[in-house]
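> Predicted coordinates and the sequence they were generated for:
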Amino acid sequence: AESEVCNELARLTLDGCEIGPDGAAALAGADWFNALRSLSLNDNSIGPGVRAIAAAGHGLGELRVRNNGLGSAGARAIAGSAAMGELLALDVCSNGLGSEGVRLIGASPHLRRLAVLDVSHNGMPKEAGLVEPAAAALAALAPTLVYLRLDGNYLGEPGVLGLVTGVEWAQLGVLGLRDC
C-alpha cells in the first residue's frame, strides 16, 4: 500500500483493530513501513502474520504484539529475523509461546540489544527440563535488559535459580515474577 500521508510516520498503534494475519502482511508491505520506529499491534489475532512484520521491520526499535496467538512459530519468526536487530523493546505477552518460544527469543543473536522484554503469561509448563533452557537463554540478555517480565509462567525453583545464579543483571531495574 502506497501513501504519501504516512511517509513521516514513526509510531503506529493499531491495538484491538482485528487486522488479522492478512492485515499484518499488508501493513508490512506498505512502502512507508520501514520508516516506523515503534509498532503496537496488541490484540489483533495476527498469528502467522507476524512473519511478515518480523521480516520487514528493519527500523523498529519497539514491537508490541501481545495477545495475538503467535505460538512458538511466531517467536521463531521474530527471533530468526535479522531485521529485528534494532529492537530495544519487545512485548510478546500472552501469546502461548511456551518454554521453547521464550528460549528462542532469549537465544536469538538478532535480539541482543533488547532493554525491555515482556514474555509474561506464555504458558511455560511445569514439566522438569523445559523451563531451565528458557531461563538460561534469557540470562544471556542480562547485559542489556533493564526490564524483564515473566509473570504467569511456571518457573519454579529451577527457573528462578537459572535466572539468578551466576548471572549479573547489571542494568535490570524491573523483574516481574508474579505467579511463577
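Nice, thanks for sending it over.
> Wasn't L12 part of a strand?
Yes. Counting by DSSP: H, G, I helix; E, B strand; the rest coil, L12 falls inside a strand.
> which residues touch it?
L36, S38, L39, S40 (CB atoms under 8 Å, 6 or more residues apart in numbering). Where C-beta positions appear, they are placed from N, C-alpha and C, glycine not excepted.
> hmm, try it at 10 Å
C6, L27, A30, W32, F33, A35, L36, R37, S38, L39, S40, L41 (CB atoms under 10 Å, 6 or more residues apart in numbering).
> again, but for S40
Counted by CB under 10 Å, 6+ apart, S40 has contacts R11, L12, T13, L14, D15, E62, L63, R64, V65, R66, D91.
> is it in a bridge, and if so with what?
T13, R64 (DSSP bridges).
> What segments of this protein are helices?
20-28, 50-56, 71-79, 98-107, 131-139, 156-164 (DSSP state H).
> Contacts for the third one, please.
It stands for helix 71-79. Contacts of helix 71-79 (CB under 10 Å, 6+ apart): 46-55, 57, 63, 65, 68, 70, 84, 87, 90, 92, 95-111, 119, 122-123, 137.
> Identify the farthest-apart pair in the contacts of S40.
R11 and R66 (16.6 Å; CB to CB).
> Give the buried residues for the helix or strand bottoming out on mean pLDDT in the chain.
When the helices and strands of the chain are scored by mean pLDDT, DSSP states H and E, helix 156-164 comes last with a mean of 88. Buried residues in helix 156-164, defined by neighbour count with 16 or more other CB atoms under 10 Å: G159, G162, L163.
> now stretch 75-93
Those would be 75-81, 83-84, 87-93, for stretch 75-93 by 16+ other CB under 10 Å.
> With respect to G20, which of the residues you listed is nearest?
For those, the nearest to G20 is A77 (16.0 Å; CB to CB).
> if we can go back for a sec, what helices or strands is the least confident helix or strand of the chain leaning on?
Judged by 3 or more CB pairs under 10 Å, 6 or more residues apart in numbering; DSSP states H and E, helix 156-164 is in contact with helix 131-139.
> what's in contact with the helix it packs on?
79, 97-108, 117, 119, 122, 124-125, 145, 148, 150, 153-169, 180.
> one more time with 8 Å, if that's ok
99-100, 102-107, 117, 119, 124-125, 148, 150, 154-156, 158-160, 162-163, 167.
> and what of stretch 114-124?
By CB under 8 Å, 6+ apart, stretch 114-124 touches 62, 66, 87-99, 101-102, 105, 130-131, 134, 138, 141, 144-155, 159, 171, 176.
> Please list only the buried members of those.
Of those, these count as buried by 16+ other CB under 10 Å: 62, 66, 87-99, 101-102, 105, 130-131, 134, 138, 141, 144-155, 159.
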